[in-house]
Each structure stands twice: as structure tokens, then as C-alpha cells.
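S.K.: would you be able to build a 3D model of this:
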Amino acid sequence: MQNLSQFIAGVVTLIINPLIGLLFALALAYFLWGAAQFILNAGSEEGRKKGKDALLRGLIGIFIMASVFGILNVVTSTFGI
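M.R.: Predicted coordinates for the structure are as follows:
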């Protein structure tokens, strides 16, 4: 049982947490890209719509990554990993 806990802790620490951080950074970059598109295309209805869509998708991505990180921490602390 101890080896399994160590293995899971290693996987979480070395693979999953950096992957969550990378995906969080990508979602944040996409959100910022959407904000830039929205501001730069203020005169164009189609440009603003594309910017709004990118903002929404980036925000959803940020929310999902924060939720995954929180759920992962709850699960690992619950099982003592």
C-alpha cells in the first residue's frame, strides 16, 4: 500500500501538477488574446464577437483548471497521499 501511495504521489507531483499549470497558463494566454482581440476590434461587430468568444473560452478553461487542481488536492489529502 505504501508503494502505491508513493507512486501516485510521484505521478501527481511530477506529471499532473505541471500539466495543470501548463494548461492553466494556456487558458490564461487565450483569455488575454481574446481581450486584446476585443479591444483592438472595437469598431467591428464580428471582431468583437470573436474576442468575446475567446474571452469566454479562456475563462471556462481557467475555471476548469482551477477546479481540477482543487479536486486533485482534496482527493490526495483525503486519501493521505
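S.K.: does anything pack onto the helix or strand encompassing A9? Which helices or strands?
M.R.: In this assignment (DSSP states H and E), A9 forms part of helix 2-11. Here helix 2-11 touches no other helix or strand, going by 3 or more C-beta pairs under 8 Å, 6 or more residues apart in numbering; DSSP states H and E. C-beta coordinates here come from the backbone N, C-alpha and C atoms, glycine included.
S.K.: distance from that helix to the middle of the chain?
M.R.: Centroid displacement of helix 2-11 relative to its chain, using C-alpha atoms, centre = their mean, to the nearest Å, is 24 Å.
S.K.: give me the residues contacting that helix.
M.R.: With contacts defined as C-beta atoms under 8 Å, 6 or more residues apart in numbering, helix 2-11 is touched by T76, F79, G80, I81.
S.K.: check stretch 35-44 too.
M.R.: The contact list for stretch 35-44, computed with C-beta under 8 Å, 6+ apart, reads G47, R48, K50, G51, K52, A54, L55.
S.K.: ok, the second one to L56 distance?
M.R.: Separation of R48 from L56 (C-beta to C-beta, to the nearest Å) stands at 12 Å.
S.K.: okay, these two: which has more neighbours?
M.R.: Set R48 next to L56 and count neighbours by other C-beta atoms under 10 Å: R48 wins out with 16 against 12.
S.K.: if we can go back for a sec, may I see the buried residues of the helix holding A9?
M.R.: By 16 or more other C-beta atoms under 10 Å, helix 2-11 has no buried positions at all.
S.K.: what about it, average pLDDT?
M.R.: Mean per-residue pLDDT for helix 2-11: 83.
S.K.: re the thing from before, any of the contacts of stretch 35-44 buried? List them.
M.R.: Taking 16+ other C-beta under 10 Å as the criterion, what is buried in the contacts of stretch 35-44 is R48, G51, A54, L55.
S.K.: what helix or strand is the first one located in?
M.R.: Taking DSSP H and E as the criterion, R48 maps to helix 45-78.
S.K.: how far out from the middle of the chain is that helix?
M.R.: In terms of C-alpha atoms, centre = their mean, the centre of helix 45-78 is set 5 Å apart from its chain centre.
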